[in-house]
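K.L.:
Need coordinates for the following:
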Amino acid sequence: MSTIVTMKRKIALDKIRNIGIIAHIDAGKTTTTERILFYSGRTYKLGEVHEGTATMDWMVQEQERGITITAAATTCHWRDCSINIIDTPGHVDFTVEVERSLKVLDGAVVVFCGVGGVEPQSETVWRQADRYEVPRVAFVNKMDRTGSNFFECIKQMHTRLGANVAAIQLPFGSEENFKGIIDLVERKLVLYKDDLGKEVEIKEIPQELSAEVEKYHAILVEKLAEADDFMLEKYLHNQKVSIEEVKKTIRVSVLANKFVPVLCGASFKNKGIQLLLDAVCDYLPSPADKTSIKGTNPDTGEHEEITTSDDAPFCALCFKIATDPYVGKLNYIRVYSGTIGSGTYIYNATKRTRERITKLVRMHANHQEIIESVETGDIAAAVGLKETKTGDTLCEEKNPILIEAMRFPEPVIRQAIETSDKDDQEKLGMALHKLTDEDPSFRVNYNQETGQTIIAGMGQLHLEIIADRILREFNVQVQVGIPQVAYRETITRKVNASGKFIQQSGGRGQYGHVVIEMEPQETPGLGMAFENKIKGGAIPQEFIPSVKQGIMETAKSGVLAGYPVTDIKVTLVDGSFHEVDSSELAFKMAAGIALSEGLRKGGSIILEPIMDMEVITPEEFMGMVIGDLSSRRAKIVAINSRANVRAIRVNVPLAEIFNYATALRSLTQGRASYTMEPSFYAEVPSHIAEKIVGGSTTATSRKG
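P.N.:
From the prediction side, this is the model:
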């Protein structure tokens, strides 16, 4: 049931924390979030992921599988701070949720497993946080587990992440004897006396541990000296530093993204969460720490800035869309400046349309709390926006600004989908439309040659969840085809190509002529790029957008097997026009012809997605696992020891590891596990490329 709340600025801007909980799958993100909600008084009962009772895992699919699928937002209070939290998925198939959350967050808590250390997805979310320059604190979880190693985890943060990190806490006791936490900043021992972690005893550091505490305190000061000039001065002159000076320097260095403090605990055993909340309040930034927001004027294209203040013009970014069965579409927004109330009109600077906000709600997982207005720093959801999509900027019409939208990964897997009942075709179309609105990494297209609807996503689990949601939420029975790899096409050398489109059919004709240069992108993964170098008016300026459109549309289907074209820089260098016959259509067609010619001349090759995979296996099965991986064209990157198991890191083509879970279980008596994520695209070996091209040709001829 919804409640009306009158919104006033009860909490100062510098007392707001917008944070995300990010990590590798199964590191304990949701469990940590559940404890935060419990200790802050937001919930009164501990939710458990393994029991399907976690507040933040509210989707049926999440509760059944015990994993987080969608980023869930909530708000809680600790000390004098209001903390907006987004709990993100760890599974790579839902990495888009991490991407869009980090775009709008001010800080992050990166959770690491004390046993697993820095795992593949840990690296991915860390790099995502680097890209969006999000300050963070690290929390080494599961210190109560057998094989946990706090110091090895810190070492891996240095070597694998290249991060300037240092412990601000030490575990007191290890594995099943983990009893408490040593605070290196205040030099005190925190002991937990009860199972709920509410009875806490603060004690002096035991004499036998004082030397170790001083050693790690000195390391902390040394690492802070690398990040901050004030601490460097103190360090060089061997001067004592006060608790306040250490805290202040940690905060300044975290805000500058020059230092990451490392904390420890055991969320499931209710240890370390209160100290983690203290660190969030003490060290992570508030919206006030970023005095202005950079953007672009949609009319002039010039860079502009908006002050982070309630008095500044309103500016917000829509970072997520969810469908609610009762109120319809919910647009999650992060407010960067200004205030706005429900029932008012707002300007979508991306779509250049006016929208009306009928209702504003604060989210607590899937529960809504109606609010009258939102202010600077708020994360809330708006109801009533019809045209607004993920990545759109909302602002005032008289003060338009565009905030840079987030980037979304390209799908690596695709499947055909059809309804069991032909009468449900329209319902399926509507369901797919809503799901693509919600999830920018999910794509749908119609294959004209085969007459099939093709869905594409980030992995088998991603598409499995989509099919399950279509059944449960939209009541449509669907059948999906065998998963197929989303191949790509590119060129191997620089070429010149030209395209002419000439049509005479009585009366006014069509004339378009373009000359382009095509070359492989210097860095893989940049996609298609277009540059105009026309001089002297060989092609009138008004036709240039049509040339670009023709190139981008033709690039959706290559010349070898119809796969999308990528990683090519196209430069428009010359062309010609006719005073009467030239048109936008003619130049669009000519550009498409030129691109197709360039692909044929440029030594086109097919690319396949390569996965970064880590297999965790008991040592006695390592030989069999490596042999099996080698037969799947895997290249071994590293083999590491971890407690009593081996971690094998490989790069392997996606095409070779469909249903790998079944094969791995049978090889290792069900004792091994693996995680993987898309890493890069690489050329398909020629003998496999021939089969791919041949298969495509056969499919076309069958259709014909």
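K.L.:
Please state the offset of stretch 511-521 from the chain centre?
P.N.:
Remark: stretch 511-521 is offset 34 Å from the chain centroid, using CA atoms, centre = their mean, to the nearest Å.
K.L.:
Show me the shaky parts of this structure.
P.N.:
Along the chain, the model assigns pLDDT under 70 to residues 1-10, 44-69, 90-93, 448-450, 505-507, 643, 695-704.
K.L.:
Nearest the middle, which residue of it would you pick?
P.N.:
What sits nearest the mean C-alpha location of the chain, by CA atoms, centre = their mean, is E99, with 2.2 Å.
K.L.:
what about that one, distance to T662?
P.N.:
Computed as CB to CB, to the nearest Å, the E99 to T662 distance reads 30 Å. Using the backbone N, CA and C atoms, a C-beta is placed for each residue, glycine as well.
K.L.:
Kindly report the same for T492.
P.N.:
37 Å.
K.L.:
same check, this time on S253
P.N.:
According to CB to CB, S253 and T662 sit 48 Å apart.
K.L.:
for the residue nearest to the centre of the chain, phi and psi?
P.N.:
Backbone torsions of E99, given as degrees, to the nearest 10, read phi -60, psi -50.
K.L.:
In this structure it contacts T390, no?
P.N.:
No. Judged on CB atoms under 8 Å, E99 makes no contact with T390 at a distance of 10.3 Å.
K.L.:
so what's in contact with the two at the same time?
P.N.:
Taking CB atoms under 8 Å, 6 or more residues apart in numbering as the criterion, E99 and T390 both touch M406.
K.L.:
name the element T523 belongs to?
P.N.:
Here T523, judged by DSSP states H and E, is contained in no helix and no strand.
K.L.:
count of residues packed around it?
P.N.:
As a burial measure, T523 scores 7 neighbours (other CB atoms under 10 Å).
K.L.:
Make 54 the starting number, not 1.
P.N.:
With the count now opening at 54, the last piece we talked about shows up as T576.
K.L.:
what separates it from A582, distance-wise?
P.N.:
According to CB to CB, T576 stands 11 Å off from A582.
K.L.:
Please say which of S306 and T715 ends up with more neighbours.
P.N.:
Shown here are S306 and T715; by other CB under 10 Å, S306 has more neighbours (23 against 9).
K.L.:
Which residues are in contact with the more buried one?
P.N.:
The contact partners of S306, taken as CB under 8 Å, 6+ apart, are L277, A280, D281, F312.
K.L.:
Now the buried members of those.
P.N.:
Buried by 16 or more other CB atoms under 10 Å: L277, A280, D281, F312, out of these.
K.L.:
In three-state terms, label the first one for me.
P.N.:
Assigned by DSSP: H, G, I helix; E, B strand; the rest coil, the conformation of L277 is helix.
K.L.:
what about the closest residue to it other than its chain neighbours, helix or strand, and which?
P.N.:
Closest residue to L277 apart from its sequence neighbours, by CB to CB, 6 or more residues apart in numbering: M284 at 4.4 Å. Taking DSSP H and E as the definition, M284 sits inside helix 282-289.
K.L.:
Kindly report the same for C448.
P.N.:
According to DSSP H and E, C448 maps onto strand 446-448.
K.L.:
Now tell me what touches that strand from outside.
P.N.:
348, 366-371, 386, 399-403, 408, 441, 454-456, 458.
K.L.:
hmm, which of the residues you listed are the buried ones?
P.N.:
Buried members of those, scored by 16+ other CB under 10 Å, are 348, 367-371, 386, 399-403, 408, 441, 454-456, 458.
K.L.:
so of those, which ones are in strands?
P.N.:
G348, C368, A369, L370, C371, I386, I399, Y400, N401, E408 (DSSP state E).
K.L.:
Just put those residues in a markdown table and tack on distance to E265.
P.N.:
Shown next, in a markdown table, are these (distance: CB to CB, whole Å):
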| residue | distance to E265 |
| --- | --- |
| G348 | 49 |
| C368 | 50 |
| A369 | 48 |
| L370 | 46 |
| C371 | 50 |
| I386 | 48 |
| I399 | 57 |
| Y400 | 59 |
| N401 | 57 |
| E408 | 59 |
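K.L.:
Partner strands of the strand holding C448, with direction?
P.N.:
Taking DSSP bridges as the criterion, strand 446-448 forms sheet pairs with strand 368-377 (antiparallel), strand 398-401 (antiparallel).
K.L.:
Sketch out the helices for the stretch 354-503 of the chain, chain order is fine.
P.N.:
478-491 (DSSP state H, counting those that start in this stretch).
K.L.:
what residues are up against A280?
P.N.:
Counted by CB under 8 Å, 6+ apart, A280 has contacts N217, T302, S306, A309, K311, F312.
K.L.:
Torsion angles phi and psi at the fifth one?
P.N.:
Note on K311: its backbone torsions stand at phi -110, psi -10 [degrees, to the nearest 10].
K.L.:
Next: the fourth one.
P.N.:
Here the main-chain torsion angles of A309 (degrees, to the nearest 10) amount to phi -90, psi 0.
K.L.:
The nearest residue to G603 once chain neighbours are set aside in helix, strand or coil?
P.N.:
Nearest non-adjacent residue to G603, counting by CB to CB, 6+ apart: A644, 3.2 Å away. What three-state DSSP gives for A644 is helix.
K.L.:
give me every residue that touches A644.
P.N.:
G552, G565, V567, I569, S599, V600, K601, Q602, G603, I604, T607.
K.L.:
how about those residues in CSV, adding distance to D681 and secondary structure?
P.N.:
Below are the contacts of A644 laid out as CSV (distance: CB to CB, whole Å; DSSP: H, G, I helix; E, B strand; the rest coil):
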residue, distance to D681, secondary structure
G552, 48, strand
G565, 54, strand
V567, 50, strand
I569, 46, strand
S599, 52, helix
V600, 49, helix
K601, 46, helix
Q602, 47, helix
G603, 46, helix
I604, 43, helix
T607, 41, helix
